[in-house]
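Q: can't give you the sequence, but here's the structure:
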């Protein structure tokens, strides 16, 4: 039996353009942030400079932060105050999001940043803390070879429109449905 | 406006069972292997012992391998000979898959392995190199606290049935569709 590559793979090989990519990981399934952290490892392995900005998470005891914190070429910023249903403090949420966005804007003007990860960024748009027009304009004006990864549920269409690659992670099954708690090393 | 957490998140918090999980990342979208590597970083950050077995990929110049290769508590095995449409050598493919599976079986009996990643494993099932019954039996009999992550397109139903968490990554958009080549740090 002759085995053929899928059409998508043939298309990948014939592509020749080289540019910085905007990638979005959205959907309600598990794997959006972890796929961003996998890309982070990949980029650091190529000697690239990377910045991670976490918009919602407020905790700094995660396995990923512990593992990456000593990596060369990496800045890791935990800018959130926790999920909005935990804080119920709209003013604080807005202030945290604006502060994180100021940091992101500086990175989007810095061509020494090769990879910028905006973790759980879509929630800042969903709750109206940031303007989608302002965000799209800043993304479009970034250095041409800079890669940006945005994660979070329900990415707005205007963001999808300017992205190069968009993955939607769906939940076919989740361990919590069988009563399994968030396991260290898997969920955080 | 009072903000509420989603039902899925409420369920996660009420779950109490602690166990090793079988996670599957399937679908044709981008992010299946990178999500596994993100989990790897997370687990290593918690001091866990991990093993990666790559079933199809034959290259060792990836960013992820370069980044992780010096990590403590990790073994990384590249067992593939490249994709089957490249090799067109059924005997070699079968022999590589069996050799990789022998290694995996040893890990599935070793309780010091906390996380086992079987990257692009589903293809070994798709091409009939391994028996799904044998694979399912070995997964069921593994140490109770061991986490296993399996990646690859078209995970068979029998594998999904025994999994705890299954994410399906769909492709909403991919940079190759606009002629962009595989960029280092993003695709490898």
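A: In hand now; what should we look at? Here the structure is a predicted model, which is why all the values come from computation and not from measurement.

Q: just checking, residue A:68 touches residue A:40?
A: Yes. Using CB atoms under 8 Å, residue A:68 is in contact with residue A:40, at 6.8 Å. In this view, the C-beta of every residue, glycine as well, is placed from N, C-alpha and C.

Q: can you list residues touching both of the two?
A: Shared contacts of residue A:68 and residue A:40, defined by CB atoms under 8 Å, 6 or more residues apart in numbering or on different chains, comprise A:52, A:74, B:41.

Q: returning to that earlier point: who has more neighbours, residue A:68 and residue A:40?
A: Higher neighbour count among residue A:68 and residue A:40: residue A:40, with 30 against 22, using other CB atoms under 10 Å in any protein chain shown.

Q: ok, and the closest non-adjacent residue to that one?
A: Nearest non-adjacent residue to residue A:40, counting by CB to CB, 6 or more residues apart in numbering or on different chains: residue A:50, 5.7 Å away.

Q: what are the bridge partners for that neighbour, then?
A: Beta-bridge pairing of residue A:50 under DSSP bridges involves residue A:74, residue A:115.

Q: now the longest helix along chain A, how far from the chain's geometric center?
A: Longest helix in chain A by number of residues (criterion: DSSP state H): helix A:90-107. Put simply, helix A:90-107 sits 16 Å off its chain's centre (CA atoms, centre = their mean, to the nearest Å).

Q: next: stretch A:122-140.
A: Distance, centroid of stretch A:122-140 to centroid of chain: 14 Å (CA atoms, centre = their mean).

Q: just the buried positions in it, please.
A: A:122-125, A:127, A:129-130, A:135, A:138-139 (16 or more other CB atoms under 10 Å in any protein chain shown).

Q: give me the subset of those that lies in helices.
A: Using DSSP H, the buried residues of stretch A:122-140 in helices are A:122-125, A:135, A:138-139.

Q: go ahead and confirm residue A:65 touches residue B:42.
A: No. Contact criterion CB under 8 Å: residue A:65 and residue B:42 do not qualify, at 9.2 Å.

Q: give the buried residues for stretch A:48-66.
A: Applying 16+ other CB under 10 Å to stretch A:48-66 flags A:48-57, A:62-66 as buried.

Q: what about those residues, which are in strands?
A: A:50-54 (DSSP state E).

Q: how about CSV for those, with pLDDT and distance to residue B:28 added?
A: Converted to CSV, these look like this (pLDDT from 0 to 100; distance: CB to CB, whole Å):
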residue, pLDDT, distance to residue B:28
A:50, 98, 27
A:51, 98, 30
A:52, 97, 27
A:53, 96, 29
A:54, 94, 28
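
Q: where does the prediction get shaky in chain A?
A: A:1-13, A:83-87 (pLDDT under 70).

Q: list the buried residues for the longest strand anywhere in chain A?
A: Determined from DSSP E, the single longest strand within chain A is strand A:165-173. For strand A:165-173, burial by neighbour count (16+ other CB under 10 Å) applies to A:165-171, A:173.

Q: can you narrow the residues you listed to ones near chain B?
A: With CB under 8 Å from any CB of the partner chain as the criterion, the subset of the buried residues of strand A:165-173 in contact with chain B comprises A:165-171, A:173.

Q: now the two most distant members of the buried residues of strand A:165-173.
A: A:165 and A:173 (25.0 Å; CB to CB).

Q: residue A:73 versus the nearest residue in space to residue A:62 that is not next to it in sequence, what's the distance?
A: Among residues not flanking residue A:62 along the chain, residue A:188 sits closest, at 4.9 Å (CB to CB, 6+ apart). According to CB to CB, to the nearest Å, residue A:188 stands 24 Å off from residue A:73.

Q: more crowded one of the two?
A: residue A:188 (17 against 14).

Q: what kind of secondary structure is that one in?
A: Under DSSP: H, G, I helix; E, B strand; the rest coil, the three-state class of residue A:188 is coil.

Q: ok, it - contacts?
A: Contacts for residue A:188 (CB under 8 Å, 6+ apart) come out as A:59, A:61-63, A:182, B:42.

Q: now those as TSV including distance to residue A:33?
A: Output for the contacts of residue A:188, formatted as TSV (distance: CB to CB, whole Å):
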residue	distance to residue A:33
A:59	13
A:61	15
A:62	10
A:63	12
A:182	13
B:42	9
